[in-house]
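Novice: Coordinates for the following, if possible.
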Amino acid sequence: MTSPELDNLVKLGVLKREPGVQAEFDGLVRSGRVRLRDAGSKALSPEIRFDLAYNAAHALSLAALRWHGFRTDKRFAVFQALAHTLGLEARMWRVLAKSHERRNLAEYEGLVDFDERLLADLLAATRVVQDAVMKLGPIPRS
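Specialist: Model prediction:
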């Protein structure tokens, strides 16, 4: 499955075409679901919950990209493609993009700069991604 927008990302070198593999898709979905579940635990620190929620969103978004037969080595691209892989609204993508920026600040510069509101928005957006991914079904055969 493809779209002109995803094809353009291939031309720009952001995405690569690569047939999806069901076992990889299933593993990404499983990883995303477990992380999202754990991110909901209020017994964990907000920083850990944010990290889990972000990584859940990434795994599930990558699963959607792989389902459509694409791969990328750019973490941000999986969120950039969500409008085309899952038909998600821009507001969902914006939450994930902001979370990506904050994750990078924490990961590469040691600046932990997010609040409970962003965490709540990230959890909600990730649940939307999860619900959409669960509706995809098995990877279509070529």
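Novice: contacts, neighbours, all on C-alpha from now
Specialist: Noted.
Novice: Give me the buried positions along the lengthiest helix in the chain.
Specialist: Longest helix of the chain, by residue count under DSSP state H: helix 46-67. Using 16 or more other C-alpha atoms under 10 Å as the test for burial, helix 46-67 gives 46-47, 49-67.
Novice: Any stretches of this protein with poor pLDDT?
Specialist: Applying pLDDT under 70 to the chain picks out residues 1-2, 113, 142.
Novice: what about the helices in it?
Specialist: Applying DSSP H to the chain gives helices spanning 4-11, 22-39, 46-67, 75-80, 82-85, 90-109, 116-134.
Novice: residues contacting the nearest residue to Leu119 once chain neighbours are set aside?
Specialist: Distance criterion C-alpha to C-alpha, 6 or more residues apart in numbering; nearest residue to Leu119, sequence neighbours excluded, is Phe50 at 5.8 Å. Each residue near Phe50 by C-alpha atoms under 8 Å, 6 or more residues apart in numbering is listed here: Ala39, Leu119, Leu122.
Novice: got a markdown table for these, with neighbour count and distance to Lys74 too?
Specialist: Below are the contacts of Phe50 laid out as a markdown table (neighbours: other C-alpha atoms under 10 Å; distance: C-alpha to C-alpha, whole Å):
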| residue | neighbour count | distance to Lys74 |
| --- | --- | --- |
| Ala39 | 25 | 23 |
| Leu119 | 22 | 23 |
| Leu122 | 24 | 20 |
